[in-house]
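1. Below are the sequence and a predicted model; questions follow.
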Amino acid sequence: MIESKQMNEVLKGLWKDGSQPGDHIYVEHIADVEGLIGYLQRKLPALMKKAKVRLVVVDSIAALFRCEYSAHESVARAKQLSIIARELHQLYTKHNIPVICVNQVTASMKKKTENVPALGLSWANHVTTRILLSRTNQIAPPETLSVPTKQSSTSHMLRYLEVKFAPHLPMMTLPYCINKSGVQGLSCQL
C-alpha cells in the first residue's frame, strides 16, 4: 500500500467505484547504494514475476550518493551509478516497461541562476530522456484547466513539464497542475 497522502487523494478522485488502485503500487524504502543495487538485481525481478509491473520509479536517487560518497571518491561513485543504470536499462529492455529516475537538481557553480542534474555527467551519459518538472507560486487561471473543477484555487498551483533532452520528442514546455482530479494539462500556453 502506498503511503503518500497526496497520491491517495488523487487515486480516490480518479477511482470512485471503491476499487483500491493503491494496492497495486509497491513502495520500497532503500537506505543505501548497495541496497538499491541488490533490489534492482534480485527483489524487483522477483516481484515482476509475481505481479504485473507497468512502471518503475526510483525516487531521490541522488540522496543515496550524497550520503555515501565524498568529492574525492568520484571514480567509485561513477562505477556504482553505471551499475544502477545498467540494471535499469535491462529492466526496460527485458520487460518493455518505462523506468523513471527522479534526480534532484542543484545550483550550478558557474551560473547561479541555472540548475544542473545532481548526479552529474557520469549519470547523464546513461539517460535517454530528460524532463524537468517545476512548480511555481502562481495559480493556474480556472479558464485554462482542461477539466473544470469546483476545488479551491490553491489546488491549482501552476507547474511546468519541460523536455530538456529526448531523441524522439521536440524541446517544449507544457503547463499543468495537480489536483484531486489528477494531473491536468492546461488548455493554453501561459
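-> Sure thing, it's come through. Numbering: from 1, shown residues only.
2. Break this structure down into its domains, please.
-> Domain assignment of the chain by automatic domain parsing yields the ranges 31-128, 129-190.
3. For these, which has the smallest mean pLDDT value?
-> Per-stretch mean pLDDT for these is lowest at domain 129-190 (a mean of 80).
4. Save the domains of the chain as TSV, and put in mean neighbour count and distance to K5 too.
-> Yep, even glycine has a C-beta here, placed from its N, CA and C like the rest. Listed next are the domains of the chain as TSV, based on neighbours: other CB atoms under 10 Å; distance: least, CB to CB, whole Å:
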stretch	mean neighbour count	distance to K5
domain 31-128	14	16
domain 129-190	13	12
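5. In CSV: the ones you listed, plus distance to H24.
-> Shown next, in CSV, are these (distance: least, CB to CB, whole Å):
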stretch, distance to H24
domain 31-128, 8
domain 129-190, 16
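6. Please enumerate the strands of this protein.
-> Assigned by DSSP state E, the strands in the chain fall at 56-58, 99-101, 105-107, 115-117, 130-139, 157-165, 173-179, 182-185.
7. so which of those comes closest to Q90?
-> With CB to CB as the measure, strand 99-101 is the member of the strands of the chain nearest Q90 (9.8 Å).
8. list the helices and strands the closest one packs on?
-> strand 56-58, helix 74-95 (3 or more CB pairs under 8 Å, 6 or more residues apart in numbering; DSSP states H and E).
9. of all these, which lies closest to L40?
-> With CB to CB as the criterion, L40 lies closest to helix 74-95 of the helices and strands packed on strand 99-101, at 3.9 Å.
10. I appreciate the help and will end here.
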